[in-house]
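**Q** build the 3D model from these lines:
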Amino acid sequence: MLPITNVSDYKELAKQKLPRMVYDYYASGAEDQWTLRENREAFSRIQDRNLVQKLIRTAENAGYKAIVLTVDAPWFGRREADVKNRFALPHNVVLKIFEGLDFDDIDKVNGSALAAYYASQVDRSLSWKDIKWLKEITSLPILVKGILTAEDTRDAIECGVAGIIVSNHGGRQLDCVPATINCLEEVVREAKCRIPVFLDGGICRGTDVFKASALGASGVFIGRPVLFALAVDGEAGVRNTLQMLRDELEVVMALSGCTSLKEITRDHVTTESDRIRRSRL
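**A** Numbers count the residues shown, from 1 in each chain. The predicted model follows:
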């Protein structure tokens, strides 16, 4: 028998052990059993905002300079590779960010217990008003990650965010959304230099950094290349990856006649929309 980790485990074991008539007597509810299900589901819709506050305090105490709010993950995307691989966090994997926090609902900060707890705390009712709440509990600047349109850019600025990260979650949330580099100009135009606009997704070369800068990005964030380098060679791998990207950027800047990032302009690149506008067919 597998170890008992929560009270629901006893329910599954009892279902196997008890005669069906006896189990159903205890486990079932009236008619369509709506109230029975709602007794549990109502709890799952109450989110633990105290967790968010604790994480923000951890970030503040660690010396971080900003808070990034991810706004494109109200639901986990369907990642079929994870389904095929039956992906689960190993029990020996520990997330350091959760260590030292006083959790009322779980007694572990590792493995599947943490993954299940985290999934249960994803707030699908997240709205712009939540940014106001975040600003009330921290003095750190707040950036929103997951913006792809001018409309969302306008709303984010009205809420007083300190910056925007144009992101589609690395293609891990919703398939067939536009590439972030194709959304960048729209967001930059709407931002009108009021706040910095950053970009992530698809950055693998120094030329990619150059193109993003030419289209108005204040900076870029890098995900998979850094993770792969970390897996292969730890900190040294990450340092080497960043250095290679920097070296490549310096080469393309030199060959483009740019002696500083400020000299990289829109005139240095041609996009798909430029080619469409130039067509006379």
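
**Q** now the helices for the stretch 101-250 of the chain?
**A** 111-120, 129-137, 150-158, 180-191, 206-214, 224-255 (DSSP state H, counting those that start in this stretch).

**Q** now do stretch 137-156: everything it contacts.
**A** 53, 56, 59-60, 64-73, 128, 131, 134-135, 160-169, 177-178, 180, 183, 186-187, 189-191, 198, 200 (Cβ atoms under 8 Å, 6 or more residues apart in numbering). All C-beta spots, glycine's among them, are computed from the backbone N, C-alpha and C.

**Q** can you report how many residues neighbour the closest residue to residue 233 other than its chain neighbours?
**A** Among residues not flanking residue 233 along the chain, residue 240 sits closest, at 7.1 Å (Cβ to Cβ, 6 or more residues apart in numbering). Using other Cβ atoms under 10 Å, residue 240 has 13 other residues around it.

**Q** got the buried residues for the longest strand seen in the chain?
**A** Counting residues, the longest strand found in the chain (DSSP state E) is strand 142-147. Buried residues in strand 142-147, defined by neighbour count with 16 or more other Cβ atoms under 10 Å: 142-147.

**Q** and if you look at stretch 56-72?
**A** Buried residues in stretch 56-72 (16+ other Cβ under 10 Å): 56, 58-59, 67-69, 71-72.

**Q** lowest confidence element among the helices and strands of the chain?
**A** When the helices and strands of the chain are compared on mean pLDDT, DSSP states H and E, helix 111-120 comes out lowest with a mean of 56.

**Q** pLDDT weak spots in the protein?
**A** Along the chain, segments meeting pLDDT under 70 span 1-2, 5, 43-48, 89, 94-95, 98-124, 276-281.

**Q** report the central residue of it.
**A** residue 70 (4.9 Å; Cα atoms, centre = their mean).

**Q** got a list of what that one touches?
**A** So residue 70 contacts 145-146, 169 (Cβ under 8 Å, 6+ apart).

**Q** at 7 Å instead, please
**A** With contacts defined as Cβ atoms under 7 Å, 6 or more residues apart in numbering, residue 70 is in contact with 145-146.

**Q** again, but for residue 3
**A** Taking Cβ under 7 Å, 6+ apart, one finds nothing in contact with residue 3.

**Q** try 10 Å this time
**A** Going by Cβ atoms under 10 Å, 6 or more residues apart in numbering, residue 3 touches residue 9.

**Q** and the strand or helix carrying residue 11, what does it pack against?
**A** Element membership of residue 11 [criterion: DSSP states H and E] is helix 7-17. Contacts defined by 3 or more Cβ pairs under 10 Å, 6 or more residues apart in numbering; DSSP states H and E place helix 7-17 against helix 20-27.

**Q** I'd say residue 207 and residue 248 touch.
**A** Yes - with contact defined as Cβ atoms under 10 Å, residue 207 and residue 248 form a contacting pair (6.6 Å).

**Q** with distance to residue 273 added, can I get the helices of the stretch 101-250 of the chain in CSV?
**A** Shown next, in CSV, are those (distance: least, Cβ to Cβ, whole Å):
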stretch, distance to residue 273
helix 111-120, 39
helix 129-137, 31
helix 150-158, 14
helix 180-191, 8
helix 206-214, 14
helix 224-255, 22
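
**Q** wait, which of the ones you listed is closest to residue 22?
**A** Among these, helix 111-120 comes nearest to residue 22, with 28.8 Å by Cβ to Cβ.

**Q** residue 87 in helix, strand or coil?
**A** coil (DSSP: H, G, I helix; E, B strand; the rest coil).

**Q** that one - how many residues pack around it?
**A** Quick note: residue 87 (other Cβ under 10 Å) scores 10 neighbours.

**Q** so it makes contact with residue 76?
**A** No - counting by Cβ under 10 Å, residue 87 stays clear of residue 76, with 11.4 Å between them.

**Q** contacting residues around residue 191?
**A** So residue 191 contacts 147, 150, 153-154, 156-157, 163-164, 197, 216, 218 (Cβ under 10 Å, 6+ apart).

**Q** who wins for neighbours among those residues?
**A** Neighbour-wise, these (other Cβ under 10 Å) top out at residue 147, 28 neighbours.

**Q** excluding chain neighbours, give the residue nearest to that residue in space.
**A** residue 164 is the one closest to residue 147 (Cβ to Cβ, 6+ apart), at 4.9 Å.
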